[in-house]
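Trainee: Here is the input, now give the coordinates:
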Amino acid sequence: MRWRASRPSGSFWTTCTCFPAARRRGSSRFFGEAAELVSFLAERLPPQAHLILLSRNQIFSEAQKLRLGSRLLELGAADLRLTQEELLQYAGRCSLPLPEREAQALLSVSEGWIAMIYLMFRAYAQTGVWRFDAKGMDALMEQVMFEPLDERRRFFLLDICMAEAFTAEQAAFVWREPDADALLHDLTHNNAFIIESSPGVYRCHHMLRQLLRRKIAPLPPNAPSTPFCRKARRRTPAGGSAAGTSARGNI
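Mentor: Model (predicted):
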């Protein structure tokens, strides 16, 4: 369990707590004790104190929910999925033609998750065809967010997206080329998986980072002598493994 320091927000005090996924033996006991602690606090803290709990697992039992009553507000998976009506509205805002039959198929494949819907919208914008095959999220991410990029933008992504968050100055330092700001502006304005979460701080979606990490590999000895390959060779320790470095190949 991870607690973030409390901080005032206007007239409220908010604390955000992240619970780990229950994968080990004894997890049910841990969640039970944590729920009891939170229930105890909720019954005694002043009204302006808010506790935000994040978990993949159910935290409170039905009895605890009943006891907390109106003090407990829940958002479950169903609340985060788009309905068909919301999907059609989203398509309309994107100026994409989405007949009702295709909307039903898209909703079935995506299960209403916004990230998958966004990728399928991007795929349609690139091809002009709605396709609802069984292609997984990772494959679709690579197809629509990575493959259409030119070599320079691919390498820029590989350089900057290893960190969960970074600034424009950090991106420029890592890239070491004069067009870092232009590339960053282009990618953040054409990629919903890289956002400016707060002024001057950019964040990459974890699925995009996972894709890019899989793309990192040692360069083969016969790799062409492009500026990018020379950059990668400089970052690979001589005679050592390239794991964990920015040496790239096979993109």
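
Trainee: OK, contacts around Ala42?
Mentor: Residues counted as contacts of Ala42 (Cβ atoms under 8 Å, 6 or more residues apart in numbering) are Leu51, Leu68, Arg71, Leu72. (C-beta placed from N, C-alpha, C; glycine too.)

Trainee: Those in strands, which ones?
Mentor: In this view, the contacts of Ala42 that belong to strands under DSSP state E are Leu51.

Trainee: Show the buried residues in the contacts of Ala42.
Mentor: The neighbour count (16 or more other Cβ atoms under 10 Å) marks Leu51, Leu68, Leu72 as buried among the contacts of Ala42.

Trainee: can I get the residues you listed in TSV with distance to Leu88 and pLDDT?
Mentor: Output for the buried ones among the contacts of Ala42, formatted as TSV (distance: Cβ to Cβ, whole Å; pLDDT from 0 to 100):
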residue	distance to Leu88	pLDDT
Leu51	36	78
Leu68	36	82
Leu72	32	84
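
Trainee: how about a markdown table for those, with distance to Ile117 added?
Mentor: Putting the buried ones among the contacts of Ala42 into a markdown table (distance: Cβ to Cβ, whole Å) gives the following:
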| residue | distance to Ile117 |
| --- | --- |
| Leu51 | 31 |
| Leu68 | 33 |
| Leu72 | 29 |
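
Trainee: Go ahead and flag the most central residue of this structure.
Mentor: His205 (2.5 Å; Cα atoms, centre = their mean).

Trainee: Name the nearest of the buried ones among the contacts of Ala42 relative to Phe146.
Mentor: Leu51 (38.9 Å; Cβ to Cβ).

Trainee: residue ranges of the helices in the stretch 101-250 of the chain, please?
Mentor: Counting by DSSP state H, counting those that start in this stretch, the segments of the stretch 101-250 of the chain that form helices are 114-127, 137-141, 151-160, 168-175, 180-188, 206-215, 227-234.

Trainee: Just the CA trace of the first one, in CSV.
Mentor: Looking back up the chat, that one is helix 114-127. Only the C-alpha atoms of helix 114-127 are listed here, as CSV (Å, rounded to 0.1, in the frame of the first residue of the first chain):
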residue,chain,number,x,y,z
ILE,A,114,-11.3,4.7,-24.2
ALA,A,115,-7.6,3.8,-25.1
MET,A,116,-8.7,1.0,-27.4
ILE,A,117,-11.4,3.1,-29.0
TYR,A,118,-8.9,5.9,-29.6
LEU,A,119,-6.5,3.5,-31.3
MET,A,120,-9.3,2.1,-33.5
PHE,A,121,-10.3,5.6,-34.4
ARG,A,122,-6.7,6.3,-35.4
ALA,A,123,-6.6,3.1,-37.5
TYR,A,124,-9.8,4.2,-39.3
ALA,A,125,-8.3,7.7,-39.9
GLN,A,126,-5.2,6.1,-41.5
THR,A,127,-7.0,3.5,-43.6
